[in-house]
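Student: Just to be clear, the model below is a prediction. Sequence and coordinates:
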Amino acid sequence: MSENFEMAPDQLHRRQIEAHVQDLHNRYVRVLDDGEYEAWPQLFTEDGRYTIITRENHRRGLPLPIMSCEGRGMMQDRITGLRRINVYEPQSYSHQISALRLIGLEEDGHVVTCISNYLVVRILLSGAMSLFSVGTYHDRIRIGDQGALLEERIVVHASSQVDTLLVIPL
Amino acid sequence: MSRIELKNIWPGDDATRVPYRLMGDPDIHALEQELIFQGDTWHYLCLDAELPDGGCFKTTFIGATPVVVTRDEEGAIHALINRCQHKGALVCVEPCGKAKTLRCLYHGWSYDLSGRLRFVPFEQGIQGKGGMPAGFDKSRHGMSPLRVAVFEGVVFATHSEAVEPLEQYLGSDMAAHMRRVFHKPVEILGSYTQVMHNNWTLYMENARDSYHATILHAFYATFKLNRLTMGGGLTVNHDGRNTMNYSIGASLREGEYDAEKLRAVMEDVGLADPSLLANRQEFPDGITVAIQSIFPTCVNQQIYNTLAMRQVVPKGPNGTELHWTFFGYRDDDPALRAMRLKQANLIGPAGYVSMEDGVIGEYVQRGIAGEGQDSCAILAMGGSEVASVTDSRANETTVRGFWQAYRSVMGL
């Protein structure tokens, strides 16, 4: 069922999978950094899951999330919240994603699990830029006819602190 | 700043006016360390469930003072100033952990879990040379213990020998509410810290403020969750020291609320997945939201099925850390546990009904910058009294209570 990625069939296949993942990462960064938030849930499968958790809680097996969505509906609600309901200082993000590490393949190569590093700089209305979050994306990605979609993204925020508030997904 | 100068700082006889200069002045902040944080007050530190076994420790703060809470091998809880008696270094650096002894990294002085100094490397010197003087008595150099009290599994400590016992300090109504929340064994579900760029008092008064809750936190009003027109009340004891704001599920006068035409009421906004709001009535009193505030720095929160303790730690005159510890009960069924974790989206730094609190104190801090010495906030909703209210929450009595307690402890 699951195969270790070190055993992946051949180099070409590996490169193809990496290209799918990189393409998904690129779309993800464009959507969030350009403020196209309504497109964010579309990067997930219909019942995809999204969680932000501190590294400390994750390491200790404590389930408390900072943010969690089960399915595109909850993701859309987060966007409704940030567009229409919640009150905060206008802000935007700049993402960097790096160090992709493929972990495993499942379902005949249609599902890939992988980990990447991420870094998010937050830019406030005043122009102040600050390092807002670094950590790792723990992804489960389905590769289908329409390209790659996230079945699950666990954002492991490498700190136990969050500055001020977190409204835009990481 | 002299005490005499401070005596005239308060503009009137009641708490309807609060001088902005209290929020961010370094001299006031230094005095708060002495009179509030090291004074006759009890400070929430953690839940004893965070220290399940002998040898567990957790580091925290009372004001600026570093503190370590331990459980010894006999099961007793201790709170110690987290400072080596030799050179003042922190003894415990990790946020939490398990240890047989508490050993300072600098020169290896080692303490047992109750803070007694057990070992000093080279105490006898080397081959009879050097070492500590003959009269050095290890029993007189333990880590400084704080007075500790555990009420229903909630751990508090104080520097003060004079302050009344914890249960009296809480008062019978606040103690009863804490018993209600901690009526059976809890399980820790996680924690995180929110960093805020404002004076700590701005967060504490915000946590007591019912007036803002349904206006600033538009999520409540948008989805008709917690509205000022619902049943509920404000409980105040000990002249304002401790307070509780609570609301009871049923909505009473919806029409009146809509007439306020608040920005938040947007009929076209809906949730694509309303399962977020599924909640279970788990307390017989029907209270769905209760925010209990124990002066100076403790908040005990129930928002539907999210249960959390919040600890406020000042970080200088213009900074605050808010430590959230989220819990459920050990006997939660899987559906209730899942509900609590889903509702965690309501609270914390990304909480639909709480994220605004992370920035609103900063807006005040930025707003009052450069203000004159006599400039004051107005806390006149509901009059000037500091007393419990059962018929309305359009009242700032609980916020006035905070400032009245503050004023009393600070001798202003």
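Tutor: Everything's here; your move. Residues are numbered from 1 along each chain as shown, chains lettered A, B, ... in the order given.
Student: Quick one: name the residues of chain A near chain B.
Tutor: Selection of chain A residues close to chain B by C-beta under 8 Å from any C-beta of the partner chain yields A:52-54, A:56-57, A:62-74, A:76-77, A:80-81, A:84-89, A:160-167. C-betas here are computed from N, CA, C, even on glycine.
Student: In strands, which of those residues appear?
Tutor: Those of these mapping onto strands are A:Ile52, A:Ile53, A:Thr54, A:Met67, A:Ser68, A:Cys69, A:Glu70, A:Gln161, A:Val162, A:Asp163, per DSSP state E.
Student: Which members of these are the farthest-apart pair?
Tutor: Maximum pairwise distance in these, criterion C-beta to C-beta, is 26.4 Å, between A:Glu70 and A:Asp163.
Student: The chain: helices as residue ranges?
Tutor: You didn't say which chain, so I picked chain A. Using DSSP state H, the helices found in chain A span residues A:11-33, A:55-59, A:72-80.
Student: hmm, I had chain B in mind actually
Tutor: Using DSSP H, helices in chain B cover B:3-7, B:26-32, B:166-170, B:172-181, B:200-207, B:210-216, B:218-222, B:254-259, B:334-343, B:357-367, B:397-410.
Student: Now render those helices as TSV, adding mean neighbour count and mean pLDDT.
Tutor: TSV is the format used below for those (neighbours: other C-beta atoms under 10 Å in any protein chain shown; pLDDT from 0 to 100):
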stretch	mean neighbour count	mean pLDDT
helix B:3-7	11	65
helix B:26-32	17	95
helix B:166-170	19	98
helix B:172-181	17	97
helix B:200-207	24	97
helix B:210-216	21	88
helix B:218-222	24	82
helix B:254-259	12	41
helix B:334-343	17	97
helix B:357-367	20	95
helix B:397-410	24	96
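Student: Select only the buried ones of the residues of chain A next to chain B in ChimeraX?
Tutor: Listed next is the ChimeraX selection for buried residues among the residues of chain A next to chain B, using 16 or more other C-beta atoms under 10 Å in any protein chain shown:
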select /A:52,53,54,56,57,62,63,64,65,66,67,68,69,70,71,72,73,74,76,77,80,81,85,86,87,88,161,162,163,164,165,166,167
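Student: so where is chain B shaky, pLDDT-wise?
Tutor: B:1-4, B:224, B:226-229, B:250-268 (pLDDT under 70).
Student: what's the closest non-adjacent residue to the residue of the stretch 1-150 of chain B found nearest chain A?
Tutor: Distances between the stretch 1-150 of chain B and chain A by C-beta to the nearest C-beta are smallest at B:Pro95, namely 7.0 Å. Computed as C-beta to C-beta, 6 or more residues apart in numbering or on different chains, the closest residue to B:Pro95 that is not its neighbour in sequence is B:Thr59, at 5.9 Å.
Student: What's the local residue count around the one you found?
Tutor: B:Thr59 has 19 neighbouring residues, counting by other C-beta atoms under 10 Å in any protein chain shown.
Student: for the one 10 residues further on, same thing?
Tutor: B:Val69 is surrounded by 25 other residues when neighbours are defined as other C-beta under 10 Å.
Student: Can you name the residues bridging to it?
Tutor: B:Lys58, B:Ala79 (DSSP bridges).
Student: Could I get the contacting residues of it?
Tutor: B:45-46, B:51, B:57-60, B:77-80, B:148, B:155, B:157 (C-beta atoms under 8 Å, 6 or more residues apart in numbering or on different chains).
Student: okay if I get the ones in strands among the residues of chain A next to chain B as CSV plus pLDDT and distance to B:Met143?
Tutor: CSV is the format used below for these (pLDDT from 0 to 100; distance: C-beta to C-beta, whole Å):
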residue, pLDDT, distance to B:Met143
A:Ile52, 98, 37
A:Ile53, 98, 34
A:Thr54, 98, 29
A:Met67, 98, 39
A:Ser68, 98, 40
A:Cys69, 98, 45
A:Glu70, 98, 46
A:Gln161, 98, 26
A:Val162, 98, 31
A:Asp163, 98, 32
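Student: of all these, which comes closest to B:His323?
Tutor: A:Gln161 (9.7 Å).
Student: In space, what's closest to that closest one - neighbours in sequence excluded?
Tutor: B:Thr193 (4.5 Å).
Student: Could you tell me how many residues sit around that neighbour?
Tutor: B:Thr193 has 20 neighbouring residues, counting by other C-beta under 10 Å.
Student: just B:Gly319 next, same as before
Tutor: Counted with other C-beta under 10 Å, B:Gly319 comes out at 17.
Student: For it, list the residues it contacts.
Tutor: Per C-beta under 8 Å, 6+ apart, neighbours of B:Gly319: B:Val195, B:Met196, B:His197, B:Asn198.
Student: wait, B:Val154 sits on B:Met178?
Tutor: Yes. B:Val154 is within contact range of B:Met178, at 6.3 Å (criterion: C-beta atoms under 8 Å).
Student: where do the contact lists of those two overlap?
Tutor: If you check B:Val154 and B:Met178 against C-beta under 8 Å, 6+ apart, the residues they both contact are B:Asn300.
Student: Around chain A, which positions in chain B sit nearby?
Tutor: B:95, B:188-197, B:216, B:218-219, B:222, B:264, B:266, B:269, B:271-273, B:275-276, B:321, B:326, B:341-342, B:344-345, B:348-350, B:352, B:355-356, B:358-359, B:362.
Student: Now which of those residues would you call buried?
Tutor: Among those, those buried by neighbour count (16+ other C-beta under 10 Å) are B:188-197, B:216, B:218-219, B:222, B:264, B:269, B:271-273, B:276, B:321, B:326, B:341-342, B:344-345, B:348-350, B:352, B:355-356, B:358-359, B:362.
Student: give me every residue that touches A:Arg142.
Tutor: A:Thr45, A:His110, A:Val111, A:Ala148, A:Leu149, A:Leu150, A:Glu151.
Student: and the second one, how many neighbours does it have?
Tutor: If I follow you right, that is A:His110. Under the neighbour criterion other C-beta under 10 Å, A:His110 is assigned a count of 11.
Student: partner residues bridging A:Gln91?
Tutor: Applying DSSP bridges, one finds that A:Gln91 bridges with A:Leu124.
Student: can you tell me the residue of chain A closest to chain B?
Tutor: Closest point on chain A to chain B, by C-beta to the nearest C-beta, is A:Leu64, at 2.4 Å.
Student: what's the closest non-adjacent residue to that residue?
Tutor: The shortest distance from A:Leu64 to any non-neighbouring residue, by C-beta to C-beta, 6+ apart, is to B:Gly190 (2.4 Å).
Student: So the one you found sits against A:Asn57, correct?
Tutor: Yes. Taking contacts as C-beta under 8 Å, B:Gly190 lies within contact range of A:Asn57: 4.2 Å.
Student: list the residues that contact both of those two?
Tutor: Common neighbours of B:Gly190 and A:Asn57 (C-beta under 8 Å, 6+ apart) are A:Pro63, A:Leu64.
Student: show me where pLDDT drops low in chain A?
Tutor: In chain A (pLDDT under 70), the answer is A:1-9.
Student: contacting residues for the residue most central in space within it?
Tutor: By C-alpha atoms, centre = their mean, the mean C-alpha position of chain A lies nearest to A:Arg153, the distance being 4.8 Å. Residues near A:Arg153 by C-beta under 8 Å, 6+ apart: A:Phe44, A:Gly48, A:Arg49, A:Tyr50, A:Thr51, A:Tyr137, A:His138, A:Asp139, A:Arg140.
Student: of all of the stretch 101-250 of chain B, which residue lies closest to chain A?
Tutor: Nearest residue of the stretch 101-250 of chain B to chain A (C-beta to the nearest C-beta) works out as B:Gly190 at 2.4 Å.
Student: So what sits opposite that residue in the bridge?
Tutor: B:Phe326.
Student: any idea how far B:Ala221 is from it?
Tutor: According to C-beta to C-beta, to the nearest Å, B:Gly190 and B:Ala221 sit 28 Å apart.
Student: same check, this time on B:Val399
Tutor: To B:Ala221, B:Val399 is 20 Å away according to C-beta to C-beta.
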